[in-house]
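Colleague: sequence plus the predicted model coming up.
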Amino acid sequence: MTTRVTKAVFPVAGLGTRFLPATKSVPKEIMTLVDKPLIQYAIDEARAAGIEEFIFVTARGKSALEDYFDHAPELETRLAEDGKDQLLDVLKSTYMPSGAIAYIRQHQAMGLGHAVWCARNLIGDEPFAVILPDDVIAAEKPCLQQMVEAHRETGGCMVAAMEVPNERTSSYGVLDVEAGQGDTMKVRGMVEKPKPADAPSNLAVIGRYILSPQVMQHLDSVEKGAGGEIQLTDAIAKEIDSPRGVFGHRFSGERYDCGSKAGFLQATVAFGLARDELRDEFGQYLHEMMAIRNAAQ
């Protein structure tokens with residue numbers, strides 16, 4: 001029987017330099033899609049998957065991220081006095097129970113693998129999830145929930161996978177998988193940012209993982225890889241030939257790379273149009289903007 005996945009690690013120590021000057025004073029994870037910060041989308045997805053313990057790997061300058069999940073008694077009182085019950089419910093949805101969140105500092109920027117390794121003492125001997133808030137996924141059933149359900153059948157390690165154009169494989173970790181297994185595939189190998197001609201498939205790894213505790217042991221000894229950083233994929237790859245194995249899960253949904261400006265804007269448009277109260281007005285504005293642009297060409 002596979003152990004339930006109840007812990008998740010959120011690596012949020014990055015400086016977010018691609019979004020300067022906004023990230024000079026605001027952590028990237030607090031930047032908003034419509035009216036919710038990136039980290040809230042990640043937390044909501046984790047909750048839907050049954051996660052009960054949330055481990056944030058942070059760095060200096062992230063105090064606003066910690067404050068976001070704290071209670072705001074003055075604001076709560078004002079909303080209650082003004083009878084703004086709907087907004088009060090929205091506010092309360094951001095609260096986390098005492099003890100549910102732990103914050104760990106990553107003192108040196110040594111890569112994703114190192115960030116995950118920093119949480120080792122809180123993970124113990126249990127499988128755990130890793131969620132990268134930069135990857136926002138719009139799906140009818142949240143991506144991590146899809147993975148948790150598939151993981152109950154497979155155990156081992158599991159990575160979220162999506163098909164990308166062949167010419168873009170050099171931007172991702174790419175899976176070599178056994179053929180004919182549906183949406184959950186046994187992984188035979190992982191190649192980091194291969195040239196299109198060398199890519200074993202067009203299945204790219206994106207920022208959702210379910211990992212066995214043995215990955216933490218591998219991170220103890222893994223050497224620095226690409227970019228002089230400790231790569232999480234190197235530690236996962238050590239599990240491919242183990243009895244537990246590694247699996248790729250082709251999730252259902254649309255992924256947006258909110259670590260890039262273009263991806264963030266694309267997500268803003270998509271999530272804005274998905275909101276009933278915004279769709280008509282916002283859609284009309286976009287239509288008019290495109291008409292003006294086309295007329296000018």
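Modeller: Right, received. Where do you want to start?
Colleague: end to end, how far does stretch 59-69 reach?
Modeller: 17 Å (C-alpha to C-alpha, to the nearest Å).
Colleague: mind checking how far it is from the chain centre?
Modeller: How far stretch 59-69 lies from its chain's middle: 18 Å, per C-alpha atoms, centre = their mean, to the nearest Å.
Colleague: in it, what's buried?
Modeller: A59, K62, L65, Y68, F69 (16 or more other C-beta atoms under 10 Å). From N, CA and C alone the C-beta is placed, and that goes for glycine too.
Colleague: from those residues, pick the one nearest V215.
Modeller: A59 (21.9 Å; C-beta to C-beta).
Colleague: could you count how many residues lie near T32?
Modeller: For T32, the count of nearby residues is 13 (other C-beta atoms under 10 Å).
Colleague: return the distance of the longest helix seen in the chain from the chain's centre.
Modeller: For the chain, the helix with the greatest residue count under DSSP state H is helix 276-296. In terms of C-alpha atoms, centre = their mean, the centre of helix 276-296 is found 30 Å from the chain centre.
Colleague: residues near the residue nearest to A72 when sequence neighbours are not counted, how many?
Modeller: Spatial nearest neighbour of A72, excluding adjacent residues (C-beta to C-beta, 6 or more residues apart in numbering): L91 at 6.7 Å. Look at L91: counted by other C-beta under 10 Å, it has 16 neighbours.
Colleague: remind me what the helix or strand bottoming out on mean pLDDT in the chain packs against, helices and strands.
Modeller: Lowest on mean pLDDT, DSSP states H and E among the helices and strands of the chain sits helix 63-68, with a mean of 82. Applying 3 or more C-beta pairs under 8 Å, 6 or more residues apart in numbering; DSSP states H and E, one finds that helix 63-68 contacts strand 53-58.
Colleague: which residues touch the strand it packs on?
Modeller: The contact list for strand 53-58, computed with C-beta atoms under 8 Å, 6 or more residues apart in numbering, reads 6-13, 43, 46, 65-66, 96, 100-106, 115-116, 118-119, 122-123.
Colleague: please repeat the previous calculation with a cut-off of 7 Å.
Modeller: 6-13, 43, 46, 65, 96, 100-106, 115, 118-119, 122 (C-beta atoms under 7 Å, 6 or more residues apart in numbering).
Colleague: from those residues, which would you call buried?
Modeller: For these, buried by 16+ other C-beta under 10 Å: 7-13, 43, 46, 65, 101, 103-104, 106, 115, 118-119.
Colleague: who's in contact with the closest residue in space to A109 that isn't next to it in sequence?
Modeller: Using C-beta to C-beta, 6+ apart and skipping residues adjacent in sequence, the residue nearest A109 is A13, 6.9 Å away. Counting by C-beta under 7 Å, 6+ apart, A13 touches V57, T58, A59, Q106, A109, A115.
Colleague: try 10 Å
Modeller: Going by C-beta atoms under 10 Å, 6 or more residues apart in numbering, A13 touches 27, 56-62, 104-110, 112, 114-115, 118.
Colleague: which residues of the stretch 51-200 of the chain score low on pLDDT?
Modeller: Under the criterion pLDDT under 70, the flagged ranges of the stretch 51-200 of the chain are 180.
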